[in-house]
Structure formats: C-alpha cells, structure tokens
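K.L.:
here's a sequence, model it:
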Amino acid sequence: MSKIGIIGGGAWGTALAETMHRAGNDVLLYARESEVVESINKRHENTAFLPNVTLSDEVRATNRLADALDAEIILLVAPSQHLRKMTEAAARDWPDRTPTVICCKGIEQDSCALMSEVVNATLPGIPLAVLSGPTFAREVAENQPTAVTLACADETLGKVLMETLSAPRFRIYRSRDVIGAQIGGAVKNVIAIACGIVEGRKLGDNSRAALVTRGLAEMMRIGLAKGAQAETLAGLSGLGDLTLTCNATQSRNFSLGVALGEGKALEGVLARRNSVAEGVYTASSVSELGRRLGVELPICAAVDAALNHGADIDASIANLLARPLKSETL
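P.N.:
You can find the predicted model right below:
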C-alpha cells in the first residue's frame, strides 16, 4: 500500500481517488470547497461534481492542502490554468523528491507552457510523470474498464508508478514520452469543440470524421515540432483520447461545441456549468504555440477565432473548406 495525495476535488480527482483505493492504496483527496469535503466524508459521494456515484468509505477528503501533501505519491488534478498559482503557493510545503503525477490536460495561456513545464518551473527537482488517456470520470469511478498512458522520463520510477496506480479495471501502459502524452490530452479538447459545433450545426457524420482525422494531423504536427513521438500521439493519450472526446455528449468540450453550433452564446453556456471545459482556454494557447513553432493548425485556429475573437462560425467553416487543395500529409 502507498499513501497517495490527490490535489483537486472535481469529477476526475474524485474518480482517481476511488480508483487508487481500488488499487490498494491509502488515499486522501484535497478539495478547496468545504461542501465537497463534507459530502465525501459524510455521504461518500461528491454531490457537486460527481453525483450519484457512491465512493468507498475509505476514500477521505480534506480542505487542508498540507495533509494531502503528506504522501508518498501526489496526483495533480487541478484545472490546468490554475496549476501554476496552486503549485507556487504550495511550493514551500511540497515534499522533496516525492513523485508527482500530472493528471490535468491543457496548455497554459500566455506562456504556452505544458503542465510539466509549469511544474518544473514552480517545483524544481520534483520527479514527474503524466497520466493521460481516454477517460470519462464517471465511467472510471463506476469501475468500467479503462486504459491509460503513464509517461515518465525515468523508466525505473515509471515502472513503480505503473504498478502502484494500476487497478484490475484501470490498465496503465508505460511511456517515456512526457511531451507527447500532454500534447494529445490538450489538443483533443480543441478538436472536440470543433466536432461538437459540427454536431450542433447538423453537418453530418462525414464532417465529424474529417475533423477527427485532420485534427489528428494537427496534433501530430504540433507534437512533433514540440519533441513528441509519433507513436505516443497514435496511442491512448493521443488518438484514443481524441476518439472518445469527439464522439460523446459526456465530453464537456464536445457538448459545449454542440451548444455553440446550435447558436447558444459561449458566456451563457459556461455560466450554467460548474465544471471546466479545458478546450475553451487551450484553443488560444494551442494556436499561439503553433505560431511560435511555425506550425499550421487551421482547425485549432478556427476554434480559437470562434471562441475568443468573435468569428462567425459559418464563415469559419466556409474558410476551412475553401483552403487550397493539397496532398494528404501532416
């Protein structure tokens, strides 16, 4: 048994807490919201973010970050755009040399930093890994079969983490490609919004299939430019996550795109939600990172324009279809 601290009391953090308990570990979940802590400890349910899923009695929660940091392994599940602020605030209390696994997906706005780059800057010297893949939190919490990628540059540590965090229905595949695991998890959220817009506009399954395929090409393009490996992006944390997120209303990013495609305003859609659709923020950072790397990302750029710059959706679709004809390459 390992002592695991989980930082982030949303749906995914809660699902991971339950899964890590199933894997035979002692788990403590940190949440900022006192109502989340009370709900988990007294009702064994996260009624705010993962309702109607019963948690094990042994899964405990706290609103004291220091308690969750008193662990042998720490899982970081804070929203990506808040990760820097959280790790900066906690840096003084962060335990030295404790393996830390990044479980959030996104690219930081303004800096265009990957989450590993944020943690390396705020918690220098901490042993890092990334856990990513096709995972709906509810299905993981309900113990449905799931497979994910755990990327760690240190192969010995990666093996230890893989064995410690795996559960009978939570299968982990190991990788050393920390960059690729993060690029896949970030870019797929932006493509999922595009696919949701197509669904909301009732443009058909052909259009969605084309977006997924060319979205994968954009993921590969920016991933390779950043230093990722192609096989990682063709695996669970790339193509696997992309396939899941672009084809189900369970996906927060896909469902947000559906609402936009139906003509709803972004501000109104976000106001009715208590969970984060990471693609809203990642669209701008992926597009900017592409510009910095000299990589063409027309789908991501179109989503960014629609979300953040007031571009007309129908005009953006027409512009994508009117791009110069070319060979099918990356």
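
K.L.:
how's this structure carved up into domains?
P.N.:
3-176, 185-321 (automatic domain parsing).

K.L.:
my read: Val280 touches Leu260, true?
P.N.:
No. The pair Val280 / Leu260 is not scored as a contact, 10.1 Å apart, by Cβ atoms under 8 Å. For every residue, glycine as well, the C-beta is placed using N, CA and C.

K.L.:
need the residues touching each of those two.
P.N.:
193, 266, 307 (Cβ atoms under 8 Å, 6 or more residues apart in numbering).

K.L.:
spatially central residue for this structure, please.
P.N.:
Lys105 (2.7 Å; Cα atoms, centre = their mean).

K.L.:
quick one: it from Ala78, how far?
P.N.:
Using Cβ to Cβ, to the nearest Å, Lys105 is found at 12 Å from Ala78.

K.L.:
kindly report the same for Arg272.
P.N.:
Taken as Cβ to Cβ, the span from Arg272 to Ala78 is 22 Å.

K.L.:
more crowded one of these two?
P.N.:
Per other Cβ atoms under 10 Å, whichever of Arg272 and Ala78 has more neighbours is Ala78, with 22 against 8.

K.L.:
tell me where the stretch 1-150 of the chain has strands.
P.N.:
Along the stretch 1-150 of the chain, counting by DSSP state E, counting those that start in this stretch, strands occupy 3-7, 26-30, 60-62, 73-76, 100-102, 128-132, 146-151.

K.L.:
may I see those strands arranged in CSV, with mean neighbour count, distance to Ala318 and mean pLDDT as well?
P.N.:
Below are the strands of the stretch 1-150 of the chain laid out as CSV (neighbours: other Cβ atoms under 10 Å; distance: least, Cβ to Cβ, whole Å; pLDDT from 0 to 100):
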stretch, mean neighbour count, distance to Ala318, mean pLDDT
strand 3-7, 23, 44, 98
strand 26-30, 24, 47, 98
strand 60-62, 21, 49, 98
strand 73-76, 24, 41, 98
strand 100-102, 25, 38, 98
strand 128-132, 27, 34, 98
strand 146-151, 22, 37, 98
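
K.L.:
those strands: which one's closest to Gln182?
P.N.:
strand 128-132 (5.7 Å; Cβ to Cβ).
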